[in-house]
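**Q** Show me the folded form of this:
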Amino acid sequence: LRTTTRPEALHKQLYQALNIKPDPIGKRKTIIDRKKSVVPTDSS
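**A** Have a look, this model is predicted:
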């Protein structure tokens, strides 16, 4: 499971002022199956 860190208050204000999403990656989950190749999934 891969997640991004939470921005500090100052950084959050900058993101809002610049209209930038503070969590660009979100959560991503990758399932590794020995019989198949790596299969990324979106857990949103």
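**Q** Can you verify Tyr15 is assigned to a helix?
**A** Yes - membership of Tyr15 in a helix is supported by DSSP: H, G, I helix; E, B strand; the rest coil.
**Q** so it touches Asp23, yeah?
**A** No - using C-beta atoms under 8 Å, Tyr15 makes no contact with Asp23, being 9.3 Å away. (C-beta placed from N, C-alpha, C; glycine too.)
**Q** can you pull out the helices in the chain?
**A** Here the chain has its helices, by DSSP state H, at 9-17.
**Q** Report how far apart the opening and closing residues of stretch 12-24 are.
**A** End-to-end span of stretch 12-24 (C-alpha to C-alpha, to the nearest Å): 13 Å.
**Q** now do stretch 14-27
**A** Counting by C-alpha to C-alpha, you get 22 Å between the two ends of stretch 14-27.
**Q** Tyr15 and Asp23: which has the busier surroundings?
**A** The neighbour comparison of Tyr15 against Asp23 (other C-beta atoms under 10 Å) goes to Tyr15, with 15 against 12.
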